[in-house]
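Colleague: output the structure for:
(one chain, ligands or ions: 1)
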Amino acid sequence: MMTSGMPMAALLKQLEETRLLTPLDRHFALQMAAIHKEDSELFVLICALLSKQLSAQHACLPLDTIHLSNPFLERQASVSVQLDVNGLTQAVADFAAVGAPGDNCPLILDGQRLYLKRYHDFEQRVSRRLLDMAQTSFSTDDSVISALSLLFPRLSTANDSDDIDWQKVATATAFSQKLSIITGGPGTGKTTTVTKLLMLLCLSGQMVIRLVAPTGKAAARLTESIKASKQKLKAELAGVADELDLTAIDRIPEEAATLHRLLGVIPGSHQFRHHKDNPLHLDLLIVDEASMVDLPMMDRLLDALPEHARLILLGDQDQLASVEAGAVLADICAGLRTLDGGWQMRYTAPFANDLSLLTGYDMTPFGTAHPGIGNNLCMLRKSHRFQGDAGIGVLAKAVNQCDKQGIMKAWQAGYSELHWIEHGTQKQGLTQLLKLACEQYRDYLEVMHRPDFDPMSIIDRYNSYRILCATRAGEYGVEGINAHVSAALKQAGLINPSQEFFPGRPVIIQSNDYNLGLFNGDIGIILPCHESKRLMAHFIQADGSVLKVLPARLPGHETCFAMTVHKSQGSEFASVSLVLPPSPSPAQRQLLTKELVYTAITRAKQYFTCLGSQRVFEDASMQRTTRASGLAQRLWQA
Ligand SMILES: Nc1ncnc2c1ncn2[C@@H]1O[C@H](COP(=O)(O)OP(=O)(O)OP(=O)(O)O)[C@@H](O)[C@H]1O
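Modeller: Numbers count the residues shown, from 1 in each chain. Here you go, the predicted structure:
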């Protein structure tokens, strides 16, 4: 079945040395074979490939994606599989450790997808629960139609889909469905839409509503945006106060929590306080930045939802997927993708009719015979943040569409908010970036010793700029750039890093510490504490308060002048510099995707700078990521 010039254990060791496998992949494969007394070399190879796949956050290993003549994509194959895909599938199914869906085996083969049982269970439970929720819809009456027309006054009767106010459609959809997913890029009005929806729901009766986001930073941002959106709505509706009860706006909650806090962390345990047998006390849950929610977390969240509760997921399906396994939001939206790479709503004919009645638009063209879970989705595509032709919006759109010409045009158009730094020779590009970083970070570093600046305003200033790196390791990864920036700031006399914890050092937390209330990705700054006269790490929490922690008590952390694009999800900065490596290795090239570039660009509100080379930027923008999973198929072909 297999051809290899060396014993399997030696082959795995060689693959580890050439970094095509991690030590974990090798140990997993050998352990699986030992535990299950499996002496087949093919079994070891498949386990190594599955582990490699899981490390890359795929939920499973599709057997039909394995390059049989060179499974590890070595420069020169040292192993090959002498079977076709069907033969391989049969051989894998015959291993004692591999079962079919429903079997109690460590590995599950579902069609041609091979899973760890845990992940198969997650996927099955998540899809079952979402499909189950998608069955329930709520009736509406004339009062909803008139409230909707007051909330979205520019009612158009045009049939052209370009004239449809999709925010109104999304509000109508989410009002009438138990499960709804509202997706869209930055500034497309997700918060505005959800605020109007919440007003509508508050008008129709009392309900316990909770707002959550995956990280503290994202939760704090959601609180801010809902507050702003409520104020704006109040002003907009002032003229119709005699037709709509505006006190409903005051009943809209604005405090958002993190998912961990909502579910109730149990210190020292991976379990949460809330689950199926102790469900959450709420009627409606709104989850922002849902693209960051991984498969296991979505499973726990759905498990803890009470049977009757509504769920609304908000997010941008084009952003990088979650740091951990799966791409739940992208999978949920997958069925709306058209063959030409665009998106198209898909409704059942009766629901398209209902939406036409509710919104006043002709939605019947979007009715289809195979809508999957389309009735539960709404996609917003018009950005209200970047005014029409603003550079950041134009570049983000071109990257998102893998439009090479558009990308070139955006960079060459001379937009004041886009700034390109070419690597050049002798690190000229790096020198320019460091100059920029010193200018940008100077602001918070200069005011941090002044008594008239509190930690909150210092952290706000620090948060106006961030360097984002595509990779962790290497001179142009987070580690290298942090070292360079620290040295440049020291030379400029802005910091004094003579000790590990120095005033002004920003730190990013790398693991969860439930006792301290600090979570992976939380960012704080070491600052003198006026009360205790000691240096303390200061963190802004989701509720806006400041948490102070003794530096020595911090869980795993690192300096954060630069952070990975992955960790920047859920945050925004006035100015962003993206750093791409000048000559990426094959492993780095795999990380450089259009989702990564798009996520980095859309973190910037006013200025976006890229240190890179044109070729690397373009290649990255042309490379779409997919995460292997069976969730989309379960949701759309059920
Ligand atoms: N239909 C609209 N007409 C005009 N302005 C709008 C409209 N919808 C939203 N806006 C404005 O656009 C900005 C972004 O809106 P909003 O915060 O709702 O978008 P979002 O999708 O939640 O953004 P983010 O991705 O940053 O969370 C806000 O200033 C909002 O007031």
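Colleague: for the residue in the stretch 301-450 of the chain that the ligand sits nearest to, pull up the helix or strand it's in.
Modeller: In the stretch 301-450 of the chain, the residue that lies nearest the ligand is His384 (3.3 Å; Cβ to the nearest ligand atom). For glycine as for every other residue, the C-beta is placed from the backbone atoms N, C-alpha and C. Under DSSP states H and E, no helix or strand contains His384.
Colleague: so it sits against Gly187, correct?
Modeller: Yes. Under the criterion of Cβ atoms under 8 Å, His384 makes contact with Gly187 at 5.3 Å.
Colleague: the more surrounded of those two?
Modeller: Higher neighbour count among His384 and Gly187: Gly187, with 19 against 13, using other Cβ atoms under 10 Å.
Colleague: need the three-state assignment for that one.
Modeller: At Gly187 the chain is in coil, as set by DSSP: H, G, I helix; E, B strand; the rest coil.
Colleague: how close does it get to the ligand?
Modeller: Remark: distance between Gly187 and the ligand (Cβ to the nearest ligand atom, to the nearest Å) = 4 Å.
Colleague: quick one: contacts for Tyr176?
Modeller: Residue 176: Ser, not Tyr. Ser137, Phe138, Ser139, Thr140, Asp354, Leu358 (Cβ atoms under 8 Å, 6 or more residues apart in numbering).
Colleague: who wins on neighbours among those?
Modeller: If you rank these by neighbour count (other Cβ under 10 Å), Leu358 sits at the top with 21 neighbours.
Colleague: what about that one, is that helix, strand or coil?
Modeller: helix.
Colleague: go on, Arg450?
Modeller: Arg450 ends up coil, using three-state DSSP.
Colleague: and it, how far from Ala10?
Modeller: Arg450 is 63 Å from Ala10, where distance means Cβ to Cβ, to the nearest Å.
Colleague: would you confirm that Val507 contacts Gly521?
Modeller: No. Val507 is not in contact with Gly521 according to Cβ under 8 Å; the separation is 11.5 Å.
Colleague: closest to Leu24 out of the contacts of Ser176?
Modeller: Ser137 (45.2 Å; Cβ to Cβ).
Colleague: pick out the residue closest to the middle of the protein.
Modeller: Met292 (3.1 Å; Cα atoms, centre = their mean).
Colleague: turn the contacts of Ser176 into CSV, including secondary structure, distance to the ligand and pLDDT.
Modeller: Shown next, in CSV, are those (DSSP: H, G, I helix; E, B strand; the rest coil; distance: Cβ to the nearest ligand atom, whole Å; pLDDT from 0 to 100):
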residue, secondary structure, distance to the ligand, pLDDT
Ser137, strand, 25, 90
Phe138, coil, 24, 90
Ser139, coil, 27, 85
Thr140, coil, 22, 87
Asp354, helix, 23, 94
Leu358, helix, 18, 94
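Colleague: pLDDT value on Ser80, please?
Modeller: We have a pLDDT of 88 for Ser80.
Colleague: now do it against Pro71, distance only.
Modeller: Distance check for Ser80 against Pro71: by Cβ to Cβ, it reads 7 Å.
Colleague: could you do Leu282 as well?
Modeller: In terms of Cβ to Cβ, Leu282 sits 47 Å off from Pro71.
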